[in-house]
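K.L.:
sequence and predicted structure are below.
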Amino acid sequence: MALSDYRTALVTGASSGIGRATARALAERGLTVHAAARREERLNELAKTSGIVPLALDLRDTEALYDRLAGLEVDVLVNNAGTGRGFGGVCTATAQDIDTTLGTNVVAVYHLLRALLPGMVERRRGHVVNIGSTAGLYPITSAIYGGSKGAVHMLGSNLRLELRGSGVRVTEVCPGRVKTEIFDAAFDDPAVAAKVKDTGIEDLLPEDIAEAILYALDVPWRVNVSTLEIVPNEQSYGGMHLAPAERG
């Protein structure tokens with residue numbers, strides 16, 4: 001299966017960032033794209049300019065999730081919705097922070113798979129794209145967020161084994177820093193969010209990740225792009241991160 005073999009897609013977290021860019025890119029390639037997010041007004045704006053089908057939905061509302069997706073035939077599922085509440089650490093997180101992050105980043109992903117995978121397997125046509133994170137591959141000082149993305153990483157690895165022989169492919173895309181609203185939503189204090197965002201490096205754009213997703217979808221049927229790790233040119237792991245102006 002290549003991208004031309006797919007007809008429909010569901011992209012979660014489509015009101016901004018990576019989800020919005022991916023929904024646009026898939027619609028431009030001719031797919032009918034169902035774009036899911038909580039912010040209905042943003043989805044409606046996106047629909048006016050891209051032709052996507054808006055699906056206002058809080059993924060943590062499990063009953064509503066199954067109700068809204070009942071009977072929906074989807075070839076491409078992009079599990080992009082995510083949040084970083086409790087990013088400051090377990091000791092300072094609220095119980096609601098934990099429930100929000102794990103409910104969005106992990107639990108909802110499983111329910112989306114349960115709702116849509118059986119149809120893919122039955123049709124022997126489908127592709128699951130999970131948006132993970134480099135935080136799920138390497139330790140960071142955020143056990144809640146990093147742990148949730150680590151769960152997504154292991155989910156993909158096990159799901160590929162579970163789906164062997166079904167014709168359904170599974171890809172995990174693990175971005176590093178991307179210019180999105182995640183830190184604005186993660187912290188209640190705008191000053192703290194601004195400090196976390198200001199690293200002195202040039203972050204990736206959401207369109208960079210959308211382009212990588214299209215690559216994974218468009219390879220020949222014999223190929224499964226299992227994991228893509230994509231980071232800004234100036235981002236690495238271990239040691240100090242120096243902005244160009246700080247180098248000798």
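P.N.:
Alright, I've got the coordinates.
K.L.:
centre of the chain to the longest helix along the chain, how far?
P.N.:
In the chain, with assignment by DSSP state H, the single longest helix is helix 143-162. Offset of helix 143-162 from its chain centre (C-alpha atoms, centre = their mean, to the nearest Å): 12 Å.
K.L.:
quick one: the strands in this structure?
P.N.:
8-12, 32-37, 53-56, 76-79, 126-131, 168-175, 227-230 (DSSP state E).
K.L.:
can you put the ones you listed in JSON lines and add mean pLDDT and distance to Leu113?
P.N.:
Where C-beta positions appear, they are placed from N, C-alpha and C, glycine not excepted. Listed next are the strands of the chain as JSON lines, based on pLDDT from 0 to 100; distance: least, C-beta to C-beta, whole Å:
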{"stretch": "strand 8-12", "mean pLDDT": "98", "distance to Leu113": "11"}
{"stretch": "strand 32-37", "mean pLDDT": "97", "distance to Leu113": "14"}
{"stretch": "strand 53-56", "mean pLDDT": "96", "distance to Leu113": "17"}
{"stretch": "strand 76-79", "mean pLDDT": "98", "distance to Leu113": "7"}
{"stretch": "strand 126-131", "mean pLDDT": "98", "distance to Leu113": "7"}
{"stretch": "strand 168-175", "mean pLDDT": "97", "distance to Leu113": "10"}
{"stretch": "strand 227-230", "mean pLDDT": "96", "distance to Leu113": "17"}
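K.L.:
for Leu116, find the nearest of those.
P.N.:
Set against Leu116 and scored by C-beta to C-beta, the strands of the chain come closest in strand 76-79, at 5.4 Å.
K.L.:
so what are the sheet partners of the closest one and their directions?
P.N.:
strand 8-12 (parallel), strand 126-131 (parallel) (DSSP bridges).
K.L.:
residues in contact with the closest residue to Glu40 other than its chain neighbours?
P.N.:
Nearest residue to Glu40, sequence neighbours excluded (C-beta to C-beta, 6 or more residues apart in numbering): Ala56, at 3.9 Å. Ala56 makes contacts with Ala36, Ala37, Arg38, Arg39, Glu40, Leu43, as judged by C-beta atoms under 8 Å, 6 or more residues apart in numbering.
K.L.:
between those, which is nearest Thr83?
P.N.:
Arg38 (10.6 Å).
K.L.:
how many residues are close by the residue lying closest to the closest one once chain neighbours are set aside?
P.N.:
Spatial nearest neighbour of Arg38, chain neighbours left out: Asp58 (5.1 Å); criterion: C-beta to C-beta, 6+ apart. Residues near Asp58, counting by other C-beta atoms under 10 Å, number 15.
K.L.:
roughly how far does Asp58 sit from Gly132?
P.N.:
Distance, Asp58 to Gly132, using C-beta to C-beta, to the nearest Å: 22 Å.
K.L.:
quick one, helices of this structure?
P.N.:
17-28, 40-50, 62-69, 95-102, 108-123, 143-162, 182-186, 190-197, 206-218.
K.L.:
now for the shortest one, which elements pack on it?
P.N.:
In other words, helix 182-186. Here helix 182-186 touches helix 190-197, going by 3 or more C-beta pairs under 8 Å, 6 or more residues apart in numbering; DSSP states H and E.
K.L.:
alpha carbons of the helix it packs on, as PDB, please.
P.N.:
In PDB, the C-alpha atoms belonging to helix 190-197 read as follows (Å, rounded to 0.1, in the frame of the first residue of the first chain):
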ATOM      1  CA  PRO A 190       3.400  32.000  30.700                       C
ATOM      2  CA  ALA A 191       6.800  33.000  31.900                       C
ATOM      3  CA  VAL A 192       7.800  29.400  32.700                       C
ATOM      4  CA  ALA A 193       6.500  28.300  29.300                       C
ATOM      5  CA  ALA A 194       8.500  31.000  27.600                       C
ATOM      6  CA  LYS A 195      11.700  30.000  29.500                       C
ATOM      7  CA  VAL A 196      11.200  26.300  28.500                       C
ATOM      8  CA  LYS A 197      10.700  27.300  24.800                       C
END
